[in-house]
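Colleague: Sharing a model prediction with you, sequence too.
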Amino acid sequence: MQDKLSTLSLPEARLARILRCTASDVLRWAGLYEQATAETDAIGFGMRRVQAEQTLLHEGQRFENVYLVGGGSFKHVQTDLEGYEQVLGFATHGDMLGLDGLGRDRHASGAVALEDSSVVVLPFGELLALSHRIPALERLLHRATGTELMRRADTQYLMSAPSSEVRVARFVLQLAQRQRALGHSDRRLRLSMTRRDIASYLGVAHETVSRALTALVQDGCIAVSHRDIEITDETGLRELQRMTRGRPPREGQELAA
């Protein structure tokens, strides 16, 4: 019996039938819909399935490929000498994994699947050579690099808030923005990551994330059911994300640290 894959725009039946896709598919999944041509239709790349919790990239691994997420989601991680895993970010459909190997010839971080996922394997040397004669693939690399820089800026903005409640509000809004860019609802969010993953990414304790989510529910900004979040007051959430220290403590309650 075949694994059931969680995909955002690649039908399961088709994924089960093929192990390859075209450069045109890659461009479309990366959001470059108008860039596909007959030439890119003729270029093929391999695909790989990655099961939930399986490592796609290991920290320190030799840089050979980059990977475009076709379906599912991943977390970027680094592990310290004591074995603690630090989550650096998350990737979903259309995102490119492995760009941190550029310039070092080794990957600075690992990538672990948060759910059953699929990726397109893009040998970087081949992709770079193709990009020199196919403008659409050059545009793909520029877009992927730009997105990586933008995500780092988003993370810096998120982490600049001393209040965990503000960090969580910013995190929820960033997820909503990604969903909107993919053409999905930006009000109903399904979290593929655990609370511990979120806590590691935000640099706070696991319990602090739970308290911050509860505070946002009490404020009427969101509704939470397990890993499902519904944004019920986007204006209030945006007002909160602009605060530096969060709301004043409620009566009889300490502000989440």
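Modeller: Yep, that arrived. Numbering: from 1, shown residues only.
Colleague: For the top helix by length along the chain, which helices and strands make contact with it?
Modeller: Counting by DSSP state H, the longest helix found in the chain is helix 135-159. Of the remaining helices and strands, those touching helix 135-159 by 3 or more CB pairs under 8 Å, 6 or more residues apart in numbering; DSSP states H and E are helix 23-29, strand 85-92, strand 96-97, helix 124-131, helix 164-181. C-beta here means a position set from N, CA and C on the backbone, and glycine is covered the same way.
Colleague: Run the chain-centre distance for that helix.
Modeller: 12 Å (CA atoms, centre = their mean, to the nearest Å).
Colleague: And for stretch 116-128?
Modeller: Counting by CA atoms, centre = their mean, stretch 116-128 comes out at 16 Å from the chain centroid.
Colleague: Mind listing residues that contact it?
Modeller: Stretch 116-128 is contacted by residues 3-7, 10, 15, 21, 25-26, 29, 45-52, 56, 63-74, 97-98, 101, 137, 141 when judged by CB atoms under 8 Å, 6 or more residues apart in numbering.
Colleague: pLDDT (mean, whole number) over that stretch?
Modeller: The average pLDDT within stretch 116-128 is 96.
Colleague: how about low-confidence regions in the stretch 151-257 of the chain?
Modeller: Counting by pLDDT under 70, the low-confidence segments of the stretch 151-257 of the chain come to 244-257.
Colleague: count of residues packed around residue 225?
Modeller: Residue 225: 7 surrounding residues under other CB atoms under 10 Å.
Colleague: Could you do residue 116 as well?
Modeller: 18.
Colleague: if I look at it, how far off is residue 71?
Modeller: Using CB to CB, to the nearest Å, residue 116 is found at 8 Å from residue 71.
Colleague: elements contacting the strand or helix carrying residue 229?
Modeller: Using DSSP states H and E, residue 229 sits in strand 228-231. Applying 3+ CB pairs under 8 Å, 6+ apart, we find strand 228-231 packed against helix 164-181, strand 188-190, strand 222-225.
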